[in-house]
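[1] what follows is a protein structure lacking sequence information:
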């Protein structure tokens with residue numbers, strides 16, 4: 001056998017060293033990185049609720065060893081405030097450019113999950129959705145769109161930000177959101193780490209989100225608060241998480257409610273109702289003892305014999321988290337005119 005030039009051997013070795021992907025290293029994402037799949041402003045009118053499950057087997061944990069996920073979840077859920085947002089129409093958009101390889105529309109929407117609706121949904125857990133093939137073996141899937149809203153078809157070429165449909169409640173979902181699932185060469189990828197999910201927590205974060213996209217790991221969110229005349233149910237808040245501008249001085253009760261995503265054990269919620277003179281009419285403080293994806297709490301009081309004082313009332317809500325020696329605070333001020 002003829003001998004090889006030592007320089008040629010060295011060149012081959014160097015090429016192999018730098019060309020081969022390093023185990024666990026994120027591949028180059030499409031289009032310079034992915035952007036959020038909703039036309040919205042994060043942490044103002046949309047929120048990340050769940051990220052992929054990193055826990056092997058039945059263990060439930062995200063890549064930060066927290067609980068912003070559920071067992072077997074493979075995508076990232078971008079939620080809107082309530083069902084009223086569906087009526088207003090929030091566009092689902094392409095996170096990167098590519099070609100539509102699948103599109104489904106026409107499946108019914110269900111605003112509550114029951115054994116009967118789950119039977120009707122069957123294998124169509126994604127509901128009305130779209131799959132886009134990107135360069136370099138990447139693929140994104142978008143789920144739970146409004147019936148009749150899917151705006152693309154098989155073979156269409158789309159650009160980043162192009163409208164795919166509208167957010168809805170099709171498929172297996174309990175709240176209005178778009179579920180985006182990301183795959184590379186057929187394998188599901190956690191977009192916050194660049195690795196496959198279910199490989200355990202405390203993973204190095206090499207996100208495939210575009211650096212200027214504003215998408216980041218979700219913190220706790222105090223996303224809505226308002227006044228009403230009774231303690232609202234979860235279904236009422238999910239239907240309309242809005243507060244009236246005014247109420248009658250003869251309402252039977254005055255209740256301040258707050259809705260939150262991503263509660264952790266140790267978080268503290270403070271609620272306070274102030275009358276027109278600035279005096280506290282109702283105060284409550286709650287320290288949460290467990291993690292929850294969604295939580296609603298309230299404080300209030302019954303109608304006084306003389307009725308509510310007329311004028312400008314005020315609701316104050318504050319959600320605190322104590323982490324790494326810091327206090328992270330989210331707050332909402334709710335004005336109300338009592339007539």
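    Arrived safely. All values reported here derive from a predicted model rather than from experimental measurement.
[2] tell me the secondary structure for residue 238?
    helix (DSSP: H, G, I helix; E, B strand; the rest coil).
[3] surely it meets residue 81?
    No. The criterion here is CB atoms under 8 Å, and residue 238 misses it with residue 81 at 9.2 Å. Just so you know, the C-beta spots here come from the backbone N, C-alpha and C atoms, and that holds for glycine as well.
[4] neighbouring strands for whichever strand or helix holds residue 102, and are they parallel or not?
    According to DSSP states H and E, residue 102 maps onto strand 98-104. Strand pairing for strand 98-104, determined by DSSP bridges: strand 128-133 (antiparallel), strand 157-158 (antiparallel).
[5] for the stretch 201-339 of the chain, what spans make up the strands?
    Under the criterion DSSP state E, counting those that start in this stretch, the stretch 201-339 of the chain contains strands at 221-228, 246-247, 253-263, 268-274, 280-287, 292-302, 311-323, 326-338.
[6] nearest to residue 104 among the ones you listed would be which one?
    strand 292-302 (26.5 Å; CB to CB).
[7] got the contact list for the closest one?
    The contact list for strand 292-302 (CB atoms under 8 Å, 6 or more residues apart in numbering) reads 49-50, 67-68, 70, 175, 231-232, 234, 237, 252-263, 269, 271-273, 281-284, 286, 288.
[8] ok and that strand relative to strand 311-323, angle-wise?
    For strand 292-302 against strand 311-323, the angle by axes from the mean of the first three to the mean of the last three CA atoms, to 10 degrees is 150 degrees.
[9] quick check: mean pLDDT of strand 292-302?
    Average pLDDT, strand 292-302: 95.
[10] and for stretch 249-264?
    96.
[11] same thing with stretch 136-146?
    97.
[12] can you give me the buried ones in that stretch?
    For stretch 136-146, a neighbour-count test (16 or more other CB atoms under 10 Å) marks 138, 139, 140, 141, 142, 143, 144, 145, 146 as buried.
[13] confirm the fifth one sits in a helix?
    No. The secondary structure assignment for residue 142 gives strand rather than a helix, going by three-state DSSP.
[14] need the contact list for it.
    37, 92, 129, 130, 131, 132, 164, 165, 178, 179, 180.
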